[in-house]
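Asks: quick one, structure for this:
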Amino acid sequence: MASHFRSTSAVLALTLSACGEGEPVMLEAVAADCVGGPAQQLDRLPSGSMVLNAYFLQEEATRDVRRGLPESPVVEEVLAKAAALGVRAVRTNGHNDAVDKVGDSAIQVAPLQYDEAAFIGLDRVLARARVHGVRLVLTLGNYWDAYGGARQYVEWAGLPGAVEGDSRFFTEPSVVAHYKAHVVGVLNRVNTVDGIRYGDHPAVLAWELLNEPRGRGLDREGVKLRAWIDDVAREVKAHAPGHLVGTGEEGFEPSPEGYDAAFWAVVGTTMLRTPGSSFARNTASPFIDFASVHFYPEAWGLDGPGTALAGAKWIMEHAAIARSLGKPLFVGELGLRNEGDMDLSQRRALYRGWLECMREEGVGGGALWMFANDARPDAWDSHTFYFRDGTTPDDPANRYADLVIEAAAEAR
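Replies: Model (predicted):
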């Protein structure tokens, strides 16, 4: 299988050459091989399957429920376009705990109290995904404040001084008990559209315990976060035994041990010296089925020479650790800013190289951040791309739709 593989340097040199002689990113086409690995799969999906991030589906569907519409145009558009692009799954919110969205799209409006219309919105997302032949990766909660987040659970517990990503979310017994009870309630909900319990629903590919859990404020080595992962993932496995379970994490480590420490010291990011969370420790959990990483180079201080290789190494090194643990890797979010220092041709070159590296490494699946429906403005998120009605995928207005099609076609 490895005989036809090209090195990362070759892939990046080829793709970055489109940027023009002397462009800064040309400096990043340096020698480092994508060593390759056996094809790994997420359930029955082909290795290297493409996934779309479209977090907003439940929210849009709920608003259409409240309007009395029989279906959600946004949900239909995103799922139909995902299928047209050859995408096998969509990663989206399976939660909404935001108090500022009560009466709009919030599902949990108070501790274990629910808005039925908002839950029906999520019912529709699952039912329609099944019809379109697209599976779902559903996040059960958020570390960040958006859509409630860890802070909301700490506030609901009446604890003082709640902050974004509050560490007490992972350790305070009453908060953990609340979250687990909520998760069990979600998994045992019977969909009002098709009558299928969420924990048995064929549209679900995987549940992620939390979007981007971090261990800030916990022990340095990540022991407490791993204990929380074991506790909550065990509950998910018990109530959704046929579904995959992932952590939803970004791939951080408290130490660069096991990685190319010299490279990461030179490139300048501290993300492999982030106390409180260990990708390897978390992935080793017996209740976790696949490894999870995200990659946002600009947000992590990787916005100059070295970005291309850093992305390739992030994929390669995490894939190797996941393989050593017998688990596939899911690159759940991969994001370059539309208004950053790189122009579109440079961003496309980086994405193409990283997607090629994912295929060579046998990664289970990957997803760029983020896919938008046509009516969603660019300003909504600095990483949007589209497949606009009336265009071909390679239309520059879509940014990356053709790259998604190419990568989906190469899945094996």
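Asks: quick one: the helices in the protein, in order.
Replies: 8-16, 57-67, 73-84, 116-132, 149-156, 168-171, 173-187, 223-239, 261-267, 279-283, 307-324, 344-360, 401-410 (DSSP state H).
Asks: how about those in CSV, adding mean pLDDT?
Replies: Below are those laid out as CSV (pLDDT from 0 to 100):
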stretch, mean pLDDT
helix 8-16, 43
helix 57-67, 98
helix 73-84, 98
helix 116-132, 98
helix 149-156, 98
helix 168-171, 98
helix 173-187, 98
helix 223-239, 98
helix 261-267, 88
helix 279-283, 98
helix 307-324, 95
helix 344-360, 96
helix 401-410, 97
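Asks: closest to Trp300 out of those helices?
Replies: helix 307-324 (8.7 Å; C-beta to C-beta). Bear in mind the C-beta positions are built from the backbone N, C-alpha and C, glycine included.
Asks: CA atoms of the closest one as CSV?
Replies: Only the C-alpha atoms of helix 307-324 are listed here, as CSV (Å, rounded to 0.1, in the frame of the first residue of the first chain):
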residue,chain,number,x,y,z
THR,A,307,2.6,26.2,8.8
ALA,A,308,2.4,23.6,6.0
LEU,A,309,4.8,21.2,7.7
ALA,A,310,3.2,21.8,11.1
GLY,A,311,-0.2,20.7,9.8
ALA,A,312,1.3,17.6,8.2
LYS,A,313,3.1,16.7,11.4
TRP,A,314,0.0,17.3,13.5
ILE,A,315,-1.8,14.8,11.3
MET,A,316,1.1,12.3,11.1
GLU,A,317,2.1,12.2,14.7
HIS,A,318,-1.5,12.0,16.0
ALA,A,319,-2.3,9.3,13.5
ALA,A,320,0.7,7.3,14.6
ILE,A,321,-0.3,7.5,18.2
ALA,A,322,-3.9,6.5,17.4
ARG,A,323,-2.7,3.5,15.3
SER,A,324,-0.5,2.4,18.2
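Asks: next one: that helix to chain centre, how far?
Replies: 16 Å (C-alpha atoms, centre = their mean, to the nearest Å).
Asks: and the gap between Ala312 and Ala206?
Replies: Applying C-beta to C-beta, to the nearest Å, the value for Ala312 to Ala206 is 25 Å.
Asks: ok, which of the helices of the chain comes nearest Ile196?
Replies: helix 116-132 (7.7 Å).
Asks: for the closest one, buried residues please.
Replies: Of the residues in helix 116-132, those buried by neighbour count under the rule 16 or more other C-beta atoms under 10 Å are 117-130, 132.
Asks: quick check, nearest of those residues to Met316?
Replies: Out of the buried residues of helix 116-132, the member with the shortest distance to Met316 (by C-beta to C-beta) is Ala129, at 31.5 Å.
Asks: leaving out sequence neighbours, find the closest residue to the closest one.
Replies: Distances taken as C-beta to C-beta, 6 or more residues apart in numbering place Ala203 nearest to Ala129, at 4.3 Å, with adjacent residues excluded.
Asks: can you check Ala117 too?
Replies: Val65 (5.0 Å).
Asks: now the one you found: how far from Ile120?
Replies: 5 Å.
Asks: again, but for Leu136
Replies: Leu136 is 16 Å from Ile120, by C-beta to C-beta.
Asks: same check, this time on Ser72
Replies: On the measure of C-beta to C-beta, Ser72 and Ile120 end up 11 Å apart.
Asks: now for these two: what residues contact both?
Replies: Common neighbours of Ser72 and Ile120 (criterion: C-beta atoms under 8 Å, 6 or more residues apart in numbering): 61, 65.
Asks: export the helices of the chain to TSV and append columns for distance to Asp97.
Replies: Shown next, in TSV, are the helices of the chain (distance: least, C-beta to C-beta, whole Å):
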stretch	distance to Asp97
helix 8-16	40
helix 57-67	12
helix 73-84	21
helix 116-132	10
helix 149-156	5
helix 168-171	12
helix 173-187	8
helix 223-239	15
helix 261-267	35
helix 279-283	23
helix 307-324	29
helix 344-360	32
helix 401-410	30
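Asks: of the ones you listed, which is nearest Asn211?
Replies: Comparing the helices of the chain by C-beta to C-beta, helix 149-156 comes nearest, at 8.8 Å.
Asks: and the angle from the closest one to helix 173-187?
Replies: 120 degrees (axes from the mean of the first three to the mean of the last three C-alpha atoms, to 10 degrees).
Asks: run through the neighbouring helices and strands of helix 149-156.
Replies: Using 3 or more C-beta pairs under 8 Å, 6 or more residues apart in numbering; DSSP states H and E, the elements in contact with helix 149-156 are helix 168-171, helix 173-187.
Asks: surely Val267 is in contact with Ala308?
Replies: No - contact criterion C-beta atoms under 8 Å: Val267 and Ala308 do not qualify, at 10.9 Å.
Asks: quick one: which of the two has more around it?
Replies: Ala308 (30 against 21; other C-beta atoms under 10 Å).
Asks: excluding its backbone neighbours, what's nearest His243?
Replies: Closest to His243 by C-beta to C-beta, 6+ apart is Val204, at 5.2 Å.
Asks: hmm, that neighbour is touching Leu140, no?
Replies: No - Val204 is beyond contact range of Leu140, at 11.4 Å (criterion: C-beta under 8 Å).
Asks: more neighbours: those two, which one.
Replies: Ranked by neighbour count (other C-beta under 10 Å), Val204 and Leu140 place Val204 first, with 25 against 21.
Asks: mind checking how far the residue nearest to Lys237 when sequence neighbours are not counted is from Thr62?
Replies: Leaving aside its sequence neighbours, Lys237 sits nearest to Phe287 (C-beta to C-beta, 6+ apart; 5.4 Å). Distance, Phe287 to Thr62, using C-beta to C-beta: 30 Å.
Asks: how close does Asp341 sit to Leu302?
Replies: 11 Å.
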